[in-house]
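Visitor: only geometry, no sequence info:
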């Protein structure tokens with residue numbers, strides 16, 4: 001009889017424990033997985049931070065922290081991590097009552113893009129490990145990885161070509177009504193350029209500096225249409241990196257530039273274009289714009305983009321067109337644009353095995369094939 005009573009008591013406790021945990025195991029349980037920063041450079045090391053909290057008196061025998069992470073964020077420690085289209089990571093620990101767990105996981109940003117955690121969740125159990133409970137958590141952390149900055153002689157060549165084109169067309173005359181700044185007086189400066197207020201303030205002779213009457217700009221057009229039947233994107237990534245590196249060089253030289261792509265923003269779906277000079281739109285903002293181009297989304301028509309925005313350029317502006325795609329109506333369109341904008345220069349990223357574009361005679365002097373390592 002006593003044994004039956006004992007069994008009844010244990011069974012009652014077991015059922016009560018199971019019901020109580022079923023109702024309250026996930027109460028006041030919180031999980032957040034976040035990136036250690038919002039914006040990172042290509043190749044930079046960052047941390048993924050797990051923060052789990054049990055804000056109740058009920059202890060949990062174990063919890064399994066689960067989250068899905070983009071493959072482009074590569075963990076240095078791949079323990080408890082499986083890989084497919086995403087990286088799936090699980091970490092197990094015990095959570096006492098009113099306890100908090102924080103873990104930092106080091107990772108590397110291996111590709112440009114905008115990244116989030118698609119799924120974050122916790123699995124736990126009752127004390128007797130008879131039943132498991134699972135909960136997903138909303139997670140809003142995101143990371144923008146900027147395009148790669150290329151270290152190549154090509155950028156030096158592009159800079160030389162740009163400066164040469166602009167210098168050839170820049171007039172020697174200056175506009176006396178357009179003020180560009182103040183600098184120290186030189187022996188060849190006329191006396192009427194002296195700024196007496198600035199001279200009095202600095203204690204040295206200072207002169208007004210006027211701008212050129214022809215302030216040329218640089219316009220970068222990036223064609224992100226697929227260049228083969230496999231819909232490969234590696235050369236498109238190189239095109240974006242090249243455009244970003246070129247923008248950095250132009251900014252260092254103080255040359256105003258605009259950039260036009262036919263790519264779509266991953267968040268808004270809008271076309272990624274920045275016509276404004278660097279005085280209004282910072283280089284960092286443009287870097288984020290380029291980082292958020294989603295090559296999986298359908299692109300806008302490059303022919304329409306070129307026709308629409310080429311009218312906003314001046315005849316003497318330098319136009320760099322970056323396009324690994326060269327078939328169809330692309331080259332006839334380029335020939336037409338070249339007749340209207342003689343300073344147009346076409347740069348074609350390609351692999352060694354990529355067929356040569358064979359541009360028309362009108363384009364050939366302004367065409368360059370840029371071979372990169374690898375293959376599709």
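Guide: All right, it came through fine. Just so you know, these numbers come straight off a predicted model, no measurement behind them.
Visitor: contacts for stretch 30-40?
Guide: 46-53, 55, 65, 67, 104, 109, 115, 117, 120-122, 137, 139, 141-146, 284, 288 (CB atoms under 8 Å, 6 or more residues apart in numbering). Where you see a C-beta, it was placed from the backbone N, CA and C, and this is true even at glycine.
Visitor: Oh, that last question was meant for stretch 130-144, not what I typed.
Guide: 14, 18, 21-22, 25-26, 29-35, 37-40, 46, 67, 73, 109, 113-117, 119-125, 288, 291-292.
Visitor: Which of these are buried, as a PyMOL select command?
Guide: In PyMOL syntax, the buried subset of these is picked out as below (16 or more other CB atoms under 10 Å):
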select buried, resi 21+25+29+31+32+33+34+35+40+46+67+73+109+113+114+115+117+120+121+122+124+125+288+291+292
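Visitor: Make sure residue 14 is indeed in a helix.
Guide: Yes - assessed with DSSP: H, G, I helix; E, B strand; the rest coil, residue 14 lies in a helix.
Visitor: Now the closest residue to it other than its chain neighbours: which helix or strand?
Guide: Of all residues not flanking residue 14 in the chain, residue 128 sits nearest, at 6.8 Å (CB to CB, 6 or more residues apart in numbering). Of the helices and strands defined by DSSP states H and E, none includes residue 128.
Visitor: Report the residue ranges of every domain in the protein.
Guide: Domains of the chain are assigned by automatic domain parsing as 25-145, 153-170+214-371, 174-212.
Visitor: comparing those domains, which gets the lowest mean pLDDT score?
Guide: Ranked by mean pLDDT, those bottom out at domain 174-212, which scores a mean of 63.
Visitor: Now do the strands for the stretch 101-250 of the chain: every range, in order, please.
Guide: All strands of the stretch 101-250 of the chain, identified by DSSP state E, counting those that start in this stretch, fall at 113-116, 119-125, 132-136, 142-145, 174-184, 206-212, 218-222.
Visitor: how much does the third one deviate in direction from strand 119-125?
Guide: I take that to be strand 132-136. 160 degrees (axes from the mean of the first three to the mean of the last three CA atoms, to 10 degrees).
Visitor: before we move on, what about the last one?
Guide: Computed by the same axes, to 10 degrees, the angle separating strand 218-222 from strand 119-125 equals 50 degrees.
Visitor: can you tell me how far residue 12 sits from residue 21?
Guide: 15 Å (CB to CB, to the nearest Å).
Visitor: What's the local residue count around the residue nearest to residue 14?
Guide: 12 (other CB atoms under 10 Å).
Visitor: Would you check that residue 305 makes contact with residue 262?
Guide: Yes - assessed by CB atoms under 8 Å, residue 305 is found in contact with residue 262 at 4.9 Å.
Visitor: Please say which of those two ends up with more neighbours.
Guide: The neighbour comparison of residue 305 against residue 262 (other CB under 10 Å) goes to residue 262, with 23 against 19.
Visitor: before we move on, back to that, the residue nearest to residue 14 against residue 17, yeah?
Guide: Yes - using CB under 8 Å, residue 128 makes contact with residue 17 at a distance of 6.6 Å.
Visitor: what sits in contact with each of the two?
Guide: Common neighbours of residue 128 and residue 17 (CB under 8 Å, 6+ apart) do not exist.
Visitor: so how many other residues sit close to residue 160?
Guide: So residue 160, with other CB under 10 Å, has 10 neighbours.
Visitor: Next: residue 355.
Guide: 8.
Visitor: any idea how far it lies from residue 93?
Guide: For residue 355 relative to residue 93 (CB to CB), the value is 56 Å.
Visitor: got the contact list for the spatially most central residue of the chain?
Guide: Centroid-nearest residue in the chain, with CA atoms, centre = their mean: residue 291, separated by 1.8 Å. By CB under 8 Å, 6+ apart, the residues touching residue 291 are 112-114, 144-147.
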